[in-house]
Each structure stands twice: as C-alpha cells, then as structure tokens.
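S.K.: Please work out how this folds:
(2 chains)
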Amino acid sequence: ETGVTQTPRHLVMGMTNKKSLKCEQHLGHNAMYWYKQSAKKPLELMFVYSLEERVENNSVPSRFSPECPNSSHLFLHLHTLQPEDSALYLCASSQGSGASGVNTDTQYFGPGTRLTVL
Amino acid sequence: AQKVTQAQTEISVVEKEDVTLDCVYETRDTTYYLFWYKQPPSGELVFLIRRNSFDEQNEISGRYSWNFQKSTSSFNFTITASQVVDSAVYFCALSSVYGGATNKLIFGTGTLLAVQP
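M.R.: Take a look at the predicted model:
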C-alpha cells in the first residue's frame, strides 16, 4: 500500500513557468506537510496544514503557494521560481489534528518530487 | 534550542558487517519523541521507529536495533549483518511536545550508509 503519493515525480521548469505539485494521502490523517530537501542541507519544513487550515508557514517565499482543499490532498503551486529552488520536495502526513496545539504523531512521507529550475 | 547531530556523514561497510549510526540530540523538554527514517535512492523517507523520552528500553526489530540513552542524549541505530539493500541515507529526528503549535520534526543532516557486496 502506498500511503502518501506525490506527482509528478520529476519536474523541470523555467523561471517563468507556473506549475503545481500534488500530494495525496490514503491514511485517513488530519495533518499534511511540505518539506524542502536541498543537497547537503537538513530537511526544511515549509508548510503545515491541520484539518485543512494552514498552521505553520516557515518564512517561505511567496513564489510557493500551498493549497489544501481537503484532508487528503495538498498542493504546492509554483511560480517565477529561482534556480536555488531546485530540490526534492517531500510531502508528509500525520494522524493528529493538532487541535490541542500539540502533535507529535509519526509523519509518513511520500516519494517526493525532484524539481529542477532552469 | 533543539538540535539533532549526526556526526557521521558517510559510512562504508562490507556486506554482513555490523554498523552503528550515531545520533545525539539536544532539548530542554522532558517530554519528547525520537525518530529514525531511511531514505533510499528513490527519495521516499521511510519511517523506522518512534521512541518517547520515557521509554529507555532498547528495541530490536529483525536486524535493526536502537539504543536510547538519556544520560548521554543519544539514540543510536545498529544494523546487524548489513545487506546491500540497507544502502541509504538515514535520518534521526526529534519532536518535542512543547516545541510549538505543530508537530515540528527537527532532523539531523543524515548519514549516508553504503554497503558494498
């Protein structure tokens, strides 16, 4: 069973393009996350959604725009990216809703989208 | 401040050797969780284990074992009789109950394990 899926797996785009990354979780979870993984750097948390509401935005540039239409789907809309945005973008989900403000459930990750910005 | 340190950047072993991946963490919280994830070349982060700060018992799962020692703030991971399929980047991560309003995982920089046939 593939709990968290991401499409596309690979994406090459120019700096003026607009594209979207899609993530879908089949685990019945309530929270979803976007991470950025660049070479030689720790994973960086970008956005967190809990029960379809954004609860965390780690100073991410506005050229990255997340969307969470329901608890199973998460998108990352990309526009006017820079070459330094080239990275592996990972989606994850976890059980808890974080309704109490605290959530330490295990996060399950998708396979990632390898993004190259030319 | 919370921090996870994986001092070993790369390890290379020959198949069937045992290998230990080190993880040292920093947190001021008394309640926290530690994780290990495996990232094979395909890119997906595969969850291996979650351990809370009140459970210091070592855990064994097949060829994998974990040694949690609060006294040294370490959560080391040992693979016994390594296999080529164990080749991957392994990440240690920390999540604190009081780390914020969300489930914020603090990752180490990872250890690349190469198992040679």
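S.K.: Determine how far the last residue of stretch A:104-118 lies from the first.
M.R.: Taking CA to CA, to the nearest Å, stretch A:104-118 runs 37 Å from one end to the other.
S.K.: so for it, what's the average pLDDT?
M.R.: The average pLDDT within stretch A:104-118 is 92.
S.K.: for chain B, which spans come out with low pLDDT?
M.R.: B:97-103 (pLDDT under 70).
S.K.: Quick one: the strands in it, in order.
M.R.: Here chain B has its strands, by DSSP state E, at B:3-5, B:10-14, B:19-21, B:24-26, B:32-39, B:46-52, B:59-61, B:64-69, B:74-79, B:88-96, B:105-107, B:111-116.
S.K.: so which helix or strand takes in A:Thr2?
M.R.: A:Thr2 belongs to no helix or strand when elements are defined using DSSP states H and E.
S.K.: Kindly report the same for the one 4 residues further on.
M.R.: Secondary structure assignment for A:Gln6, by DSSP H and E: strand A:4-7.
S.K.: contacts for that strand?
M.R.: A:21-27, A:89-93, A:108-113 (CB atoms under 8 Å, 6 or more residues apart in numbering or on different chains). Every C-beta, even on glycine, is put in place using the N, C-alpha and C of the backbone.
S.K.: least trustworthy helix or strand in chain A by mean pLDDT?
M.R.: strand A:53-57 (a mean of 75; mean pLDDT, DSSP states H and E).
S.K.: Pull up the residues of chain A that are close to chain B.
M.R.: For chain A, the contact set with chain B under CB under 8 Å from any CB of the partner chain comprises A:31, A:40-43, A:45, A:48, A:50, A:55-56, A:88, A:90, A:92, A:94, A:96, A:98, A:101-112, A:114.
S.K.: From these, keep the buried residues only.
M.R.: Among the residues of chain A next to chain B, those classed as buried by 16 or more other CB atoms under 10 Å in any protein chain shown are A:31, A:42-43, A:45, A:48, A:50, A:55-56, A:88, A:90, A:92, A:94, A:96, A:98, A:102-112, A:114.
S.K.: In strands only, show me those residues.
M.R.: Short answer: these in strands (DSSP E) are A:31, A:45, A:48, A:50, A:55-56, A:88, A:90, A:92, A:94, A:108-109, A:114.
S.K.: Show me what B:Val19 bridges to in the sheet.
M.R.: Beta-bridge pairing of B:Val19 under DSSP bridges involves B:Ile79.
S.K.: Alpha carbons of the strand holding A:Gln6, as CSV, please.
M.R.: Extracted in CSV, the C-alpha atoms of strand A:4-7 (Å, rounded to 0.1, in the frame of the first residue of the first chain):
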residue,chain,number,x,y,z
VAL,A,4,1.4,9.0,0.6
THR,A,5,1.7,9.7,-3.2
GLN,A,6,3.2,12.6,-5.0
THR,A,7,3.0,13.7,-8.6
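S.K.: distance of the residue nearest to B:Gly43 when sequence neighbours are not counted from B:Pro41?
M.R.: Distance criterion CB to CB, 6 or more residues apart in numbering or on different chains; nearest residue to B:Gly43, sequence neighbours excluded, is A:Gly112 at 4.2 Å. Distance of A:Gly112 to B:Pro41, given as CB to CB, to the nearest Å: 11 Å.
S.K.: picking up where we left off before, chain center to the strand holding A:Gln6, what's the gap?
M.R.: Here strand A:4-7 is found 10 Å from its chain centre; the criterion is CA atoms, centre = their mean, to the nearest Å.
S.K.: neighbouring strands for it, and are they parallel or not?
M.R.: When DSSP bridges is applied, strand A:4-7 pairs with strand A:18-25 (antiparallel).
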